[in-house]
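# Got a predicted structure plus its sequence, pasted below:
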2 protein chains.
Amino acid sequence: MHEFSLIAKYFTRAPQHTVLGVGDDCALIAPAAGMQLAVTTDTLVEAVHFFKGTPARALGHKALAVNLSDLAAMGAVPRWATLAITLPAVDEAWLADFAEGLFALADEHSVDLIGGDTTRGPLAFTLTLMGEVPVGAALTRDGAKPGDDIWLTGDVGGPALAVAERYGRLSLSQWDVASDAIASAHKKLDMPTPRVAFGLALHGIARAAIDVSDGLAQDLGHIVARSSMHAPCSAVIDFAALPLHAAARAAYGSRTTEVAGVAVSAVLAGGDEYELAFTAASDKRTAIEQIARDLGVPCTRIGRIENGGTGVVVMGLDGQPMRFGTGFNHFASNS
Amino acid sequence: MHEFSLIAKYFTRAPQHTVLGVGDDCALIAPAAGMQLAVTTDTLVEAVHFFKGTPARALGHKALAVNLSDLAAMGAVPRWATLAITLPAVDEAWLADFAEGLFALADEHSVDLIGGDTTRGPLAFTLTLMGEVPVGAALTRDGAKPGDDIWLTGDVGGPALAVAERYGRLSLSQWDVASDAIASAHKKLDMPTPRVAFGLALHGIARAAIDVSDGLAQDLGHIVARSSMHAPCSAVIDFAALPLHAAARAAYGSRTTEVAGVAVSAVLAGGDEYELAFTAASDKRTAIEQIARDLGVPCTRIGRIENGGTGVVVMGLDGQPMRFGTGFNHFASNS
């Protein structure tokens, strides 16, 4: 089937807030006065970012979700997306499912798909997402100040365990993890829920924010590094306070140190988490707890920003700093 | 080497007109008041859009050039780019060359690289480019009117012959094409020059514009199809008037009909052309010729828009409509 017909058939929808959508050399959009544009791009490659055989509907969802998570971390309203999709061959049923997953999430967030490119090659998607944020209001990574609380939405540790299980490196059921916890970890991996509304609610409350898609410790490290350009600071995390995904909690509570160690790595260094970590002054605690209740999204105070020091320290149950692996690295030999 | 270090080392440059560049969850840009944003995305995949072994510098150039050509066709000023790059393995010399090719062209057009994603996988790039165009001024595809002249910048036919030669399907030197014409065809394939300044000069002059990257006849077909939504029209091209690349001209002038036929297909249906085709009222001829002289870019009147009819007809030297292959199609079995 012809490339143009493919695009027209599955990816053309009436745009909601776009001057000129798919079908010309460029799309045309008109950001509102007083708004800046937040722009982010993420690529998902088969056998690197997702397993061969992942359902197309989940891939369509995830291609958008991972970018929505970046906008959420800036406190921007999602608006426009372009999608570059590379396919080994035309499979219309697959494309229909992919488009369904993509547009279900796009509709939820009023995102217009304004353009793209369909090419032949190894399966991969690159989605570029644009959103609007009032001038000066974006939640950047560099605003953390000593004394700030560190907060985390949702929970962590589930997706990394699901990835390891799909690689055949472990079996969660053999670790006595309950079947609904296992299913939840895999669902969080395949169909993550970006915290868009939470990011928007943090205007005027959070001082710095990031999504922890490369692993909690590593991403908090980015906040500390960029905030330290203004005044040196570090992050201290209380492991006991961390909201563990049920699968990670069960593994951590296991009788073997090895299994507990895997859980710790999943929690602190596991990628594919689309939760927000942010810092805020301690007088914002009540407001943050109210936001969490209003949105029905758990949010947990996990540590604090310290004056001076470097990097991220995670304090264990014994009051000593913990050791753990580094964040997900696409070029590391073990990833 | 670590993904973040890679990005920092080769792709971080001080932005010229960006609020917040590489290094946060999103980049932040601030379009000027009264401006719309033109957005385009193109993907280049190894062994599909470029040959294995193409120099990295040329790939860096081309990843941006093909998108600049789309902005040129809208009459938009290039501003901001994101780059998603997928690499089988880290090769620093390759990355340095790629970045050099990319930034040489980016600097020429004052384009800021504001973000991106570096992932592991089969070699491919997706570049999303954003530019500014005054509200209502964009050169769309749907404005052609019966009686308009059809114009074409530069020449056509060279890149398609260069592609065929690299596939080993033909030998231009055996066709007595001069060596400088052969070199020029290959250079136009690897290092195309997008017609950005020409597109900008066409504000108030062109009624419809497109870049002919999918083949002259097919892309003119898009102008006719979209313009016909307003009032039915068709395009009539005079083959004798077409500006043939020197390699195509030599092949067309060959003594064998087969070679001449290949040249005709290259001229009318060859992809990888980054020239602009546009329509304009006949009272703009002097102005267009002046633009061509000012910019030192040839521009040729190749036909006209007719009232009614459908599609694109190319009139041959015998006064009869010509037959030729269709445009480049990524999913066709022969591409």
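On my side now, so go ahead.
# what's the pLDDT at the nearest residue to A:Leu129 once chain neighbours are set aside?
Nearest residue to A:Leu129 in three dimensions, chain neighbours excluded: A:Asn67, at 3.8 Å (Cβ to Cβ, 6 or more residues apart in numbering or on different chains). Where you see a C-beta, it was placed from the backbone N, CA and C, and this is true even at glycine. According to the prediction, A:Asn67 has pLDDT 97.
# A:Val313 is in contact with A:Gly221, correct?
No - A:Gly221 is beyond contact range of A:Val313, at 10.6 Å (criterion: Cβ atoms under 8 Å).
# residues from the stretch 101-250 of chain A in reach of chain B?
Contacts of the stretch 101-250 of chain A with chain B, taken as Cβ under 8 Å from any Cβ of the partner chain, map to A:114-122, A:124, A:126, A:128, A:130-131, A:133, A:135, A:138, A:140-142, A:209-211, A:226.
# Which of these fall within strands?
A:114-120, A:124, A:126, A:128, A:130-131, A:133, A:209-211 (DSSP state E).
# quick one, what contacts A:Ala292?
Each residue near A:Ala292 by Cβ atoms under 8 Å, 6 or more residues apart in numbering or on different chains is listed here: A:Thr153, A:Phe198, A:Pro298, A:Cys299.
# Pull the most distant pair out of those residues.
Using Cβ to Cβ, those span at most 10.3 Å, a distance reached by A:Phe198 and A:Pro298.
# neighbour-wise, which of those two wins?
Higher neighbour count among A:Phe198 and A:Pro298: A:Phe198, with 26 against 13, using other Cβ atoms under 10 Å in any protein chain shown.
# Tell me the backbone dihedrals of that one, please.
phi -60, psi -40 (degrees, to the nearest 10).
# and it, what does it touch?
A:Phe198 neighbours (Cβ under 8 Å, 6+ apart): A:Ala72, A:Thr153, A:Leu276, A:Ile291, A:Ala292, A:Leu295, A:Val297, A:Cys299.
# Most widely separated two among those residues?
Spanning the widest gap among those are A:Ala72 and A:Ala292, at 14.5 Å by Cβ to Cβ.
# where does chain A have low pLDDT?
Along chain A, segments meeting pLDDT under 70 span A:1-8, A:325-335.
# Mind telling me which residue is nearest the centre of it?
Computing the C-alpha centroid of chain A and ranking residues by Cα atoms, centre = their mean puts A:Tyr274 first, at 2.5 Å.
# returning to what we had before: give the residues shared as contacts by A:Phe198 and A:Pro298.
With Cβ under 8 Å, 6+ apart as the test, A:Phe198 and A:Pro298 both reach A:Thr153, A:Ala292.
# Make a ChimeraX selection of the buried ones in the contacts of A:Phe198.
Typed into ChimeraX, the line below selects the buried ones among those, using 16 or more other Cβ atoms under 10 Å in any protein chain shown:
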select /A:72,153,276,291,292,297,299
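# Okay, and which of the contacts of A:Phe198 map to helices?
Judged by DSSP state H, helices contain the following of the contacts of A:Phe198: A:Ala72, A:Ile291, A:Ala292, A:Leu295.
# how much space is there between the closest residue to A:Ala58 other than its chain neighbours and chain B?
Closest residue to A:Ala58 apart from its sequence neighbours, by Cβ to Cβ, 6+ apart: A:Asp190 at 4.1 Å. A:Asp190 sits at a distance of 19 Å from chain B (criterion: Cβ to the nearest Cβ, to the nearest Å).
# surely A:Asp190 meets A:Ala56?
No - at 11.3 Å, A:Asp190 does not count as touching A:Ala56 under the criterion of Cβ under 8 Å.
# more crowded one of the two?
In terms of neighbours (other Cβ under 10 Å), A:Asp190 is the more surrounded of A:Asp190 and A:Ala56; the figures are 21 against 18.
# just the helices in chain A please.
Remark: helices assigned in chain A by DSSP H are A:3-11, A:56-74, A:92-108, A:158-166, A:179-190, A:196-201, A:216-227, A:246-252, A:257-269, A:285-295.
# quick one: which of those is nearest B:Gly23?
Smallest distance to B:Gly23 across the helices of chain A (Cβ to Cβ): 7.0 Å, for helix A:216-227.
# Using PDB, write down the CA coordinates of that closest one.
Output in PDB follows, covering the C-alpha atoms of helix A:216-227 (Å, rounded to 0.1, in the frame of the first residue of the first chain):
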ATOM      1  CA  LEU A 216      15.100   7.500  40.300                       C
ATOM      2  CA  ALA A 217      18.600   8.000  41.700                       C
ATOM      3  CA  GLN A 218      20.100   9.000  38.400                       C
ATOM      4  CA  ASP A 219      17.300  11.500  37.600                       C
ATOM      5  CA  LEU A 220      17.400  13.000  41.000                       C
ATOM      6  CA  GLY A 221      21.100  13.400  40.300                       C
ATOM      7  CA  HIS A 222      20.200  15.600  37.300                       C
ATOM      8  CA  ILE A 223      18.200  17.900  39.600                       C
ATOM      9  CA  VAL A 224      21.000  18.100  42.000                       C
ATOM     10  CA  ALA A 225      23.600  18.700  39.300                       C
ATOM     11  CA  ARG A 226      21.700  21.500  37.600                       C
ATOM     12  CA  SER A 227      20.500  23.100  40.800                       C
END
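# how distant is it from the center of its chain?
Using Cα atoms, centre = their mean, to the nearest Å, the mean C-alpha position of helix A:216-227 is found 15 Å from that of the whole chain.
# one step back: for the helices of chain A, which one ends up most surrounded?
Comparing the helices of chain A by mean neighbour count (mean count of other Cβ atoms under 10 Å in any protein chain shown), helix A:56-74 comes out on top with a mean of 26.
# elements contacting that one?
strand A:35-45, strand A:77-87, helix A:92-108, strand A:124-134, helix A:179-190, helix A:196-201, strand A:208-211, strand A:276-280 (3 or more Cβ pairs under 8 Å, 6 or more residues apart in numbering or on different chains; DSSP states H and E).
# rewinding a little: what's the PyMOL syntax to select whichever of the residues of the stretch 101-250 of chain A next to chain B are buried?
If you want just the buried ones from those in PyMOL, going by 16+ other Cβ under 10 Å, the selection is:
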select buried, chain A and resi 114+115+116+117+118+119+120+121+122+124+126+128+130+131+133+138+140+141+142+209+210+211+226
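# how much space between the nearest residue to A:Glu273 once chain neighbours are set aside and chain B?
Spatial nearest neighbour of A:Glu273, chain neighbours left out: A:Val212 (4.7 Å); criterion: Cβ to Cβ, 6+ apart. In this view, A:Val212 and chain B are 11 Å apart by Cβ to the nearest Cβ.
# Leaving out the residues flanking it, which one is nearest to A:Leu200?
Nearest residue to A:Leu200 in three dimensions, chain neighbours excluded: A:Gly75, at 5.8 Å (Cβ to Cβ, 6+ apart).
# Could you list the buried residues of stretch A:42-49?
Within stretch A:42-49, the residues that count as buried by 16+ other Cβ under 10 Å are A:Asp42, A:Thr43, A:Leu44, A:Val45, A:Glu46, A:Val48, A:His49.
# what number of residues lie near A:Asp148?
Residues within reach of A:Asp148, counting by other Cβ under 10 Å, total 25.
# For the residue nearest to A:Leu200, list the residues it contacts.
A:Val133, A:Ala137, A:Ala138, A:Leu139, A:Gly199, A:Leu200, A:Leu202, A:His203, A:Ala206, A:Ala209.
# possible to save those residues as a markdown table with distance to A:Ala104?
As requested, the contacts of A:Gly75 are exported to a markdown table (distance: Cβ to Cβ, whole Å):
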| residue | distance to A:Ala104 |
| --- | --- |
| A:Val133 | 25 |
| A:Ala137 | 29 |
| A:Ala138 | 27 |
| A:Leu139 | 26 |
| A:Gly199 | 20 |
| A:Leu200 | 20 |
| A:Leu202 | 25 |
| A:His203 | 27 |
| A:Ala206 | 28 |
| A:Ala209 | 26 |
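# Sweet, I'm off.
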